[in-house]
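Chemist: generate a structure from the sequence data that follows.
(one chain, ligands or ions: 1)
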Amino acid sequence: MRWRSVHAQSYSAEPRLTVLGTGYLGITHAACMASLGFEVLGVDTDAAKVEKLSAGVTPIYEPELAELVKAQLDSGRLRFTTSYDKAASFGDVHFICTGTPQLPGGGGADLSQVRSCVTALAPLLDRPSLIVGKSTVPVGTARELARYLAGAGSRAELAWNPEFLREGSAVRDTLAPDRIVAGVTSQRGEDVLRQVYEPLLNAGTPFFVTSLETAELAKAAANAFLATKISFINAMAEVCEAAGGNILELSEILGADPRIGGQSLRAGLGFGGGCLPKDIRGFMSRADELGVQSAVGLLGEVDRINLRRRSRTADLALELAGGELTGATVCVLGAAFKPGSDDVRESPALDVAQILHGLGAQVRVYDPVASANAAAARPELQYPSSLDEAAADATVVLLLTEWPEFTALLPDDLAGLVKQKNIVDARNVLTPTAWLAAGWNYRALGIGTGTPGRPASELERSW
Ligand code: UGA
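Modeler: The predicted structure is shown next:
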């Protein structure tokens, strides 16, 4: 592997780009590349989505993205189509940004969209071009696609360039990435990617040139590590609860060690979303196929720790309600898997809401942007349009996604609305002393009582 953070070479002809798949990744990549000055054609088989995007309507909530898409449409550099023929004649570099969801009933990834993109595009390409995979795929996928292209006599070459953006800061992460990974099979592949990312390389972004396999693994390993870090701190939260420690203090102390670092060390309800949960399961499944399942066996425990936080949160609500939730009104604050996003895939918040619904509660979920997606995913829950409506007459309030409007809540904001002053702060974002002083029963994850074995009801008196 060669490590470079040098300026890219310049080439006279500016490549034209296509972006296949217009989900979170694809829309963001297309708009950001257009903002860097490239002509970009976004491609999706969903005609309704293409029509909306062409009219400047961004179908997802992502800070800065809608404005960026509009600006780039106005500039004329960004367009959208359903036509692979147009994509083939337009583009020199084709980015694959389609989804790779978890296969139903299994841990592996569904690669059908990635494969069909390549098999649909390749026969239409009549000049040398580069197909660049950005989707998260099991290691070995890129090599299989490269062999397909070679076997089909295609003039296209394959590269893998994994994406590390986070939802909620996707635009920023794309335009100012920590690193760019280029898995290539030739100097030409590297040169083209250097040209495409020239502005970012000029800004000093580290550029890693690797094999296809290392590039794929860079993504799988990064997400596995992040998930492990989050579950590690949540495992310590379990220990704190039993032993009488405080996870907030503990994670601050751990994070002060630069070898550990404080990021992804926020204890609470754990990770969800369309990436970390599916990616650790996909990684385990692929390692199994490769005969090295024990090498990533710890990821099974990472997954279990993560899911345990959800049942623990529901248990705290049940306890606050006096052991019975049948018929009780429960107010759930948050449906998105994280703030800054309307994505409810594998959302811990919605899972907890569903558990409480299963316990017989009337569950009212309020989220500032994700309610429509949540209602489509879990229609059996109630979705009032305001926080006040959600909290009215509630026996327990649970803060499950740390949107700013929830983290800023003060005890008096809710006191006049609820039936009983019970709150579970599953993201550890409120100030416990303020809520306790105002007469609330306050529970959080990872805060023990100070004396091992003391009942949780004494918890509040330890602040
Ligand atoms: C994650 C990775 O962080 C990105 O680098 C990667 O590109 C992306 O997956 C992907 O594969 O596409 P994302 O899922 O958007 O990004 O969000 P994160 O910020 O990593 O958060 C994931 C989940 O972990 C959220 O539910 C969040 O609430 C939770 N989390 C995060 C914690 O519980 N504690 C933390 O300290 C950090």
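
Chemist: around the ligand, which positions in the stretch 301-450 of the chain sit nearby?
Modeler: By the rule CB under 6 Å from any ligand atom, the part of the stretch 301-450 of the chain lying against the ligand is 337-338. C-beta here means a position set from N, CA and C on the backbone, and glycine is covered the same way.

Chemist: show me the shaky parts of the stretch 301-450 of the chain.
Modeler: Applying pLDDT under 70 to the stretch 301-450 of the chain picks out residues 449-450.

Chemist: for it, just list every one of the strands.
Modeler: 329-333, 362-366, 396-399, 422-425, 441-444 (DSSP state E, counting those that start in this stretch).

Chemist: okay, helices next: where are they in the stretch 301-450 of the chain?
Modeler: Assigned by DSSP state H, counting those that start in this stretch, the helices in the stretch 301-450 of the chain fall at 348-358, 371-377, 387-391, 404-407, 411-415, 432-437.

Chemist: would you map the strands across the stretch 151-300 of the chain?
Modeler: 156-160, 180-183, 207-210.

Chemist: circling back to that earlier point, save the strands of the stretch 301-450 of the chain as TSV, and put in distance to residue 40 too.
Modeler: Below are the strands of the stretch 301-450 of the chain laid out as TSV (distance: least, CB to CB, whole Å):
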stretch	distance to residue 40
strand 329-333	38
strand 362-366	37
strand 396-399	40
strand 422-425	43
strand 441-444	45
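
Chemist: still on that earlier bit, nearest to the ligand, out of the strands of the stretch 151-300 of the chain?
Modeler: Closest of the strands of the stretch 151-300 of the chain to the ligand is strand 180-183, at 11.5 Å (criterion: CB to the nearest ligand atom).

Chemist: residue 82: what's it in contact with?
Modeler: 43-47, 50 (CB atoms under 8 Å, 6 or more residues apart in numbering).

Chemist: who wins on neighbours among these?
Modeler: Among the contacts of residue 82, residue 43 has the most neighbours (other CB atoms under 10 Å), with 30 neighbours.

Chemist: take the strands of the stretch 151-300 of the chain and lay them out in a markdown table including distance to the ligand and mean pLDDT.
Modeler: Converted to a markdown table, those look like this (distance: least, CB to the nearest ligand atom, whole Å; pLDDT from 0 to 100):
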| stretch | distance to the ligand | mean pLDDT |
| --- | --- | --- |
| strand 156-160 | 14 | 97 |
| strand 180-183 | 12 | 98 |
| strand 207-210 | 15 | 98 |
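
Chemist: out of the ones you listed, which gets nearest to residue 437?
Modeler: Among the strands of the stretch 151-300 of the chain, the nearest to residue 437 by CB to CB is strand 180-183 (49.9 Å).

Chemist: give me the helices and strands touching the closest one, please.
Modeler: strand 156-160, helix 187-196, strand 207-210, helix 212-243 (3 or more CB pairs under 8 Å, 6 or more residues apart in numbering; DSSP states H and E).

Chemist: output it as CSV, restricted to C-alpha atoms.
Modeler: Output of strand 180-183 as CSV, limited to C-alpha atoms (Å, rounded to 0.1, in the frame of the first residue of the first chain):
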residue,chain,number,x,y,z
ILE,A,180,-10.0,8.7,0.7
VAL,A,181,-9.4,5.0,-0.1
ALA,A,182,-8.8,4.0,-3.7
GLY,A,183,-8.8,0.3,-4.3
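
Chemist: low-confidence ranges in the stretch 101-250 of the chain?
Modeler: For the stretch 101-250 of the chain, no range has pLDDT under 70.

Chemist: around the ligand, which positions in it sit nearby?
Modeler: Residues of the stretch 101-250 of the chain lying close to the ligand by CB under 6 Å from any ligand atom are 136, 163-167, 223, 226, 230.

Chemist: again, 5 Å this time
Modeler: 164, 166-167, 230 (CB under 5 Å from any ligand atom).

Chemist: which single residue in the stretch 1-150 of the chain comes nearest to the ligand?
Modeler: Closest contact between the stretch 1-150 of the chain and the ligand, by CB to the nearest ligand atom, is at residue 136 (5.5 Å).

Chemist: wait, doesn't residue 348 sit right on residue 271?
Modeler: Yes. Taking contacts as CB atoms under 8 Å, residue 348 lies within contact range of residue 271: 7.5 Å.

Chemist: overlap of the contact sets of those two?
Modeler: In contact with both residue 348 and residue 271: residue 337, using CB under 8 Å, 6+ apart.

Chemist: now, among the residues of the stretch 101-250 of the chain next to the ligand, which is nearest to residue 302?
Modeler: residue 230 (8.2 Å).

Chemist: which among the residues of the stretch 101-250 of the chain next to the ligand count as buried?
Modeler: 164, 167, 230 (16 or more other CB atoms under 10 Å).

Chemist: closest to residue 99 among these?
Modeler: Among these, and counting by CB to CB, the member closest to residue 99 is residue 167, at 13.4 Å.

Chemist: surely the closest one and residue 342 touch.
Modeler: No. Between residue 167 and residue 342 no contact is recorded; they are 9.2 Å apart, counting by CB under 8 Å.

Chemist: what comes up buried for stretch 322-341?
Modeler: Quick answer for stretch 322-341 (16+ other CB under 10 Å): 325, 328-341.

Chemist: just stretch 97-104 next, same as before
Modeler: Under the neighbour-count rule (16+ other CB under 10 Å), stretch 97-104 has 97-100, 102-103 buried.

Chemist: then stretch 77-89?
Modeler: Judged by neighbour count (16+ other CB under 10 Å), stretch 77-89 contains these buried residues: 77-81, 84, 87-88.

Chemist: distance of residue 398 from residue 214?
Modeler: 42 Å (CB to CB, to the nearest Å).

Chemist: and these two? Which one has more around it.
Modeler: Between residue 398 and residue 214, counted using other CB under 10 Å, residue 398 has the larger neighbour count: 29 against 16.

Chemist: ok, and the closest non-adjacent residue to the more buried one?
Modeler: residue 424 (4.5 Å; CB to CB, 6 or more residues apart in numbering).

Chemist: before we move on, the earlier item: and of the strands of the stretch 151-300 of the chain, who's closest to residue 199?
Modeler: strand 180-183 (11.4 Å).
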